[in-house]
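1. All I have is the shape, not the residue letters:
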């Protein structure tokens, strides 16, 4: 069944995007991530223009993150004060990111910039995650105790000015690192069409020393509002949010996430991290291949991810 995407200006099969949403939703439910870093490249692989993929995925992330944020709030796993600081930085970063998207589209370099961004961040994060998870599994098999980080061990961050007390996270640290982390994640969300959880969560755990049970809820709280603002700015300034496409992805994502959550319960944490790392690296390699491979049509001006407009 074909339908027309008004913003993407193309005809597409409804079942392809429902299935795509379900597949990424399944992975999101299994690994506990937003899935934007997978969905945006998949949309571009399928022929959606890069700018539309980025703007539309931001809209889809808002919907998929709301239910998770509400559930975490009910469990008292959201540090509202920390979330507001992250959100303040996130709005600033996303505002800059939307302007960067506008400028790059005007000079015709947006697709290349997105490709390089994905290769850089997915390659680095996937490699670090894989090394950490394999190391953890090796220590567990050898009977060695896996070292844990305790809240309150702040290292150099503890010496920074403008300290604030975050009661839910049991921290007394400078507001500068959360602001910078929020700004960086907001910028990434605007230019890559991601929620930024794959950066936010490790940063909160390893840099800020936020307790693990509070990290996911606080990250989701920030993602909901930042991606909502990003979506509005993309729609108003760049006109790249396709609501029809976003609705299809949402429907598929909700269905797939239910099955993914069940599957995720059967695997250990380090196994999940290893699988997610492998998946991230596969996407990274696919995008990198699109940058160096000779196109079938040497005169094509289609997306550098491999899909045409």
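-> Now that the structure is in, tell me what you want to look at. Because the structure is predicted, anything quoted here is derived from the model rather than measured. Numbering: from 1, shown residues only.

2. got any ranges where the stretch 201-309 of the chain has weak pLDDT?
-> Along the stretch 201-309 of the chain, the model assigns pLDDT under 70 to residues 261, 264-265, 267-272, 294-309.

3. ranges for the helices of it?
-> In the stretch 201-309 of the chain, the helices defined using DSSP state H, counting those that start in this stretch lie at 212-233, 243-264, 269-292.

4. With respect to burial, which of those helices scores highest?
-> helix 212-233 (a mean of 24; mean count of other C-beta atoms under 10 Å). Any C-beta I mention is one placed from the backbone N, CA and C, and that applies to glycine too.

5. by how many degrees do that helix and helix 243-264 diverge?
-> Relative orientation of helix 212-233 versus helix 243-264 (axes from the mean of the first three to the mean of the last three C-alpha atoms, to 10 degrees): 170 degrees.

6. Give the residue spans of the stretch 1-150 of the chain that score low on pLDDT.
-> 28-34, 64, 67-68, 143-150.

7. related to what we said a few turns ago, which one, of the helices of the stretch 201-309 of the chain, ends up nearest to residue 142?
-> Closest to residue 142 of the helices of the stretch 201-309 of the chain is helix 269-292 (C-beta to C-beta; 13.3 Å).

8. now for that closest one, which elements pack on it?
-> Helices and strands touching helix 269-292, by 3 or more C-beta pairs under 8 Å, 6 or more residues apart in numbering; DSSP states H and E, are helix 14-31, helix 36-45, helix 110-141.

9. mind redoing it with 7 Å?
-> Under the contact criterion of 3 or more C-beta pairs under 7 Å, 6 or more residues apart in numbering; DSSP states H and E, helix 269-292 touches helix 36-45, helix 110-141.

10. out of those, deepest packed?
-> The most buried one of those (mean count of other C-beta under 10 Å) is helix 36-45, showing a mean of 26.

11. I'd like the helices and strands packed on helix 269-292 as a markdown table, with distance to residue 6 appended.
-> Output for those, formatted as a markdown table (distance: least, C-beta to C-beta, whole Å):
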| stretch | distance to residue 6 |
| --- | --- |
| helix 36-45 | 15 |
| helix 110-141 | 20 |
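
12. how about those, which one is nearest residue 172?
-> Short answer: helix 110-141, nearest of the helices and strands packed on helix 269-292 by C-beta to C-beta, at 27.5 Å.

13. just checking, what packs against that closest one?
-> Packing partners of helix 110-141 (3+ C-beta pairs under 7 Å, 6+ apart): helix 50-74, helix 80-106, helix 176-192, helix 269-292.

14. Run through who's touching the third one.
-> The reference is to helix 176-192. Contacting residues not belonging to helix 176-192 are listed as 40, 54, 58, 82, 85-94, 96-98, 100-101, 114, 117-118, 157, 160, 162, 194-196, 199-200, 203, 207-208, 222, 226-227, 230 [C-beta atoms under 7 Å, 6 or more residues apart in numbering].

15. so which of the helices and strands packed on helix 110-141 comes closest to residue 5?
-> Closest to residue 5 of the helices and strands packed on helix 110-141, according to C-beta to C-beta: helix 50-74, at 8.0 Å.

16. distance of residue 59 from residue 139?
-> 42 Å (C-beta to C-beta, to the nearest Å).

17. Doesn't residue 164 lie inside a strand?
-> Yes - counting by DSSP: H, G, I helix; E, B strand; the rest coil, residue 164 is found in a strand.

18. Three-state assignment for residue 11, please.
-> Assignment for residue 11 (three-state DSSP): strand.

19. who touches it in this structure?
-> 2, 4.

20. partner residues bridging it?
-> Per DSSP bridges, the residues bridged to residue 11 are residue 4.

21. Quickly note the distance from it to residue 48.
-> Relative to residue 48, and taking C-beta to C-beta, residue 11 is found at 12 Å.
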